[in-house]
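In: Turn this into a model:
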Amino acid sequence: MNDQTTPGAAGGCPVAHGGAPRLYGPEAATDPQGLYSRLRKQYGVVAPVLLEGDIPAWLVLGYRENRRVLDNPLQFSRDSRIWRDWREGRVDESSPLIPMVGWRPDCVSQDGEPHQRLRAAVTDNLNAVAGRGIRRHATHYAHKQIDAFAGTGRADLVTDFAEYLPMLVLTRVFGLAEAEGRRLAESSNLVIKGGADAVAHNERIMGILGELTARKRAEPGSDFTTGLIEHHAGLDEDEIVNHLRLVLITAHTMTSNLLARALQLVLTDTSWLSGLVSGQLDISTVVEEVMWNRPPLAVLPGRFATADLELGGRPIKKGDLLVLGLAAGNSDPDIRPDADVSVQGNQSHLAFSAGPHECPGQNIGQAIIETAVDVLLHRLPGLRLAVPPEELTSTASTWEDRLDSLPVEFTAA
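Out: Got it, this is the predicted structure:
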């Protein structure tokens, strides 16, 4: 395939459409880092790729190029209404890309003043709930999760702990019933995973959050949902429900993935575990290492070129879709010539995005993870990996690379 292939050419499809590298499918699912490396070698810091449904896009692989896109909304807008393939009818409403890339009345889908108004409502209320006992809620649910397996001496810290804990905390923060937590966690994971069921699970989430909003209008409380309803930015019904969806899916999937990866690092490298137990390290240092090497979102959707321009030597056309390779950017050899060297103390990773749309809830996720790991280490004496580290497997989608399981053994309570 010609390395000057342009997604904007030939009516929005790459030349030799079937030959473009796919960012989904078997290769991407089993070896995403290998795929990024091969794309970098073949195309440089910006590569033409195909997303689900063979929709063309540019994958940004370079660290500096990612920062340029993230920091410049005037050139690279988050508003997908300018996406050419969508405007010209090549992307159907039922596409699994729509829950991740499609336009919504939320702060992530807009720039400028509309973005600032909506983001203020989110950040103000995230700050408010963070001060109302996030760590207390995380402690409560961490103990509750551990109670279920503490007497067995064995557990899978993905399915028994990390997979659901963040959502259980979020249900309390949102004012939802605890019983909704597992259903919402499963649906959120499937929205991020993509595939045939993504749209249906997105609709399930929207239905639950629509009912929650109606209930909180009638019975307000000291929760995130009520805070959005009453905020001086004056969000309408669609804006409220879509921001609940945005925070719920993003906070849960990123935090659960990051928690699992932090536990994996601690249990596969005894120096990290001994440092935590002895007090020489704190969990924030572990999380920082993971955010550089295994960010919870490997690829961030998406930005749209507002004019014809050049990026990384590639001719980007107005309306082209760009997806941001956060994992690839973090491992860019131009900024990390030796990827095995620790990055302790360096917080310039891309894991939480950057620029005007940088994740506003990262402190809440960090609080949940720090609390969860602290409770786990205190509750489970003799905690150790139950299989050789090389037997641990991961499964990637277009957007994330998720640990499949983390079997452990410990002294039963």
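
In: lowest-confidence helix or strand of the chain?
Out: In the chain, no helix or strand scores lower on mean pLDDT, DSSP states H and E than helix 9-12, which sits at a mean of 40.

In: Following element in sequence after that helix, please.
Out: helix 26-30 (DSSP states H and E).

In: what packs against that following helix?
Out: In this structure, helix 26-30 packs against helix 32-43, strand 394-396, with contacts taken as 3 or more CB pairs under 8 Å, 6 or more residues apart in numbering; DSSP states H and E. In short, each C-beta sits where N, CA and C put it, glycine included.

In: which residues are contacting the last one?
Out: Counting by CB atoms under 8 Å, 6 or more residues apart in numbering, the neighbours of strand 394-396 from elsewhere in the structure are 28-30, 32, 298, 401-404.

In: Report the separation between Ile368 and Gln33.
Out: Relative to Gln33, Ile368 is positioned 26 Å away (CB to CB, to the nearest Å).

In: hang on, I meant Gly44
Out: 17 Å.

In: Tell me where the stretch 51-200 of the chain has strands.
Out: 55-60, 76-77, 154-156 (DSSP state E, counting those that start in this stretch).

In: and the longest one, which strands flank it?
Out: So that's strand 55-60. Note on strand 55-60: by DSSP bridges, its sheet partners are strand 46-51 (antiparallel), strand 321-325 (parallel).

In: on contacts alone, who are the packing partners of the strand or helix carrying Leu212?
Out: Element membership of Leu212 [criterion: DSSP H and E] is helix 198-218. In terms of contacts (3+ CB pairs under 8 Å, 6+ apart), helix 198-218 is packed against helix 98-101, helix 180-193, helix 224-230, helix 237-268.

In: if we go to 10 Å?
Out: Here helix 198-218 touches helix 98-101, helix 165-174, helix 180-193, helix 224-230, helix 237-268, going by 3 or more CB pairs under 10 Å, 6 or more residues apart in numbering; DSSP states H and E.

In: got JSON lines for those helices, with mean neighbour count and mean pLDDT too?
Out: Listed next are the helices and strands packed on helix 198-218 as JSON lines, based on neighbours: other CB atoms under 10 Å; pLDDT from 0 to 100:
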{"stretch": "helix 98-101", "mean neighbour count": "22", "mean pLDDT": "92"}
{"stretch": "helix 165-174", "mean neighbour count": "26", "mean pLDDT": "94"}
{"stretch": "helix 180-193", "mean neighbour count": "20", "mean pLDDT": "89"}
{"stretch": "helix 224-230", "mean neighbour count": "21", "mean pLDDT": "96"}
{"stretch": "helix 237-268", "mean neighbour count": "23", "mean pLDDT": "95"}
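
In: between those helices, which gets nearest to Thr213?
Out: helix 237-268 (5.4 Å; CB to CB).

In: returning to that earlier point: would you list the strands paired with strand 55-60 in TSV and tack on distance to Leu273?
Out: As requested, the strands paired with strand 55-60 are arranged in TSV below (distance: least, CB to CB, whole Å):
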stretch	distance to Leu273
strand 46-51	38
strand 321-325	31
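
In: would TSV of the ones you listed with mean neighbour count, mean pLDDT and distance to Val241 be doable?
Out: Listed next are the strands paired with strand 55-60 as TSV, based on neighbours: other CB atoms under 10 Å; pLDDT from 0 to 100; distance: least, CB to CB, whole Å:
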stretch	mean neighbour count	mean pLDDT	distance to Val241
strand 46-51	25	96	26
strand 321-325	26	98	25
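
In: Show me the shaky parts of this structure.
Out: 1-18, 342, 344-345 (pLDDT under 70).

In: Now do the helices for the stretch 251-400 of the chain: every range, in order, please.
Out: Taking DSSP state H, counting those that start in this stretch, the helices of the stretch 251-400 of the chain run over residues 270-278, 283-293, 326-330, 362-379.
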